[in-house]
Every structure is written in C-alpha cells, then in structure tokens.
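[1] generate a structure from the sequence data that follows.
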Amino acid sequence: MKTLILVLLSILIQDYGFGQRSRQITREDSIMIHNQIESRLLEMKTKMESEQVRTGYPDDLDIEFRLDTSRIEQKQRMKLKIDYSTSGMLRFNEESTESYDLLLNKYYQKLLIKLKTKDREILRQAQRDWIRFRDSEIKLNDLIYWSYTDGGTINSVLVSSKKNSITKDRVIEIYRYLTRIIY
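    Numbering: from 1, shown residues only. Reported below is the predicted structural model:
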C-alpha cells in the first residue's frame, strides 16, 4: 500500500509539480521576455547611475558590462522557465553562447583600442591561442561525455553548457584586462 501511494505521489509531482508544462517559445513570449528584460535593465541602469553619482562607482564601462551580461543571463533564465525541455536547454545554451561571443568581440575591440599599437599583436596572438584552447577543450569535453560516460540526453546539455561557460569566462577575462588598463 505504501509503495502504491509513493508511486501515485511521484506521478502527481511529475505531472503537476511544475505548475506548467514545457512548451515552445512563441513570438508573443519572445516579445514579452524582451520587454520585461529591457524594463528590468532600465531599472538596473537607473540604480547604478544613481549610485555612480553618489559614490563615483560603478563607472560607465562597468554599467555597460553589467547590463550586457545581465541581458544574456535573464533571457536564458526566462526562456528556460517556459521551455525547460532538453531541446530548449540546448537552444538557449547555443543562443547564450552566440550572445557571449558577440560580447567577446565587443570587449576585445575595446581592449585592442586601449593597447599601445606595438602591444596589440600580443592580444591578437593570445586570442588566437584562446580560440585553439576553446576548440580543444570542447573536443575533449565531447570525447569525455560521449565516449566515457553512459550517455543520455543530459550529456548534450552538459556539452553545450561547457561551451557556453568557456565563452562567458573569456568575456569576463577580457573585460578584466580592459578594466586593469583603465584604472
């Protein structure tokens, strides 16, 4: 009898525990997500600018970076609330990776401009080396998850998540280099 109750409870929790079922993101969802994020970012920017006037920190670059990264993180979180399926997770990790790659290019260019002309090649070489590292790390990650584990759909999410985190970490590192030059 206890086993039957536990089985029924687990079925109920699975079916009704999340309050909604995973579903595809609609155009209306995308518009709503965009509007909510932009509204939150405007509030965030206003608070940071107020703090900046009061204390001198954060500066404009820090505000810009926080808003840029927050936009990506909020978008992924909000989309996952609607579509938390494996395919949704994969799609949103890929979108996030693409967005971080755009930020990487943006802050790389800002750093490049701040460097002395003779030092720019060092950054370019470091970035080429990082790209090789990224590609090798992704290849190793794929190998480990697909050849040395039991597999399963979670592996695809873990693999895409690693690619996302590698790119995000590089954006943060480039930004840190940039702030070291400015301050």
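
[2] for the rest of this, base every contact and every neighbour count on C-alpha atoms.
    OK.

[3] where does pLDDT dip in the chain?
    1-20 (pLDDT under 70).

[4] at 80 instead, please
    1-21, 150-151, 183 (pLDDT under 80).

[5] tell me the SS of residue 167?
    helix (DSSP: H, G, I helix; E, B strand; the rest coil).

[6] starting at the chain centroid, how far to stretch 122-134?
    Its chain's C-alpha centre and that of stretch 122-134 lie 21 Å apart, by Cα atoms, centre = their mean, to the nearest Å.

[7] do the same with stretch 159-170
    Between the centre of stretch 159-170 and the centre of its chain there are 8 Å (Cα atoms, centre = their mean).

[8] run through who's touching it.
    By Cα atoms under 8 Å, 6 or more residues apart in numbering, the surrounding residues in contact with stretch 159-170 are 90, 93-94, 96-97, 100-101, 104, 134, 138, 141-142, 145.

[9] residues in contact with residue 52?
    The contact partners of residue 52, by Cα under 8 Å, 6+ apart, come to 58, 59.

[10] ok, it to residue 172 distance?
    According to Cα to Cα, to the nearest Å, residue 52 stands 21 Å off from residue 172.
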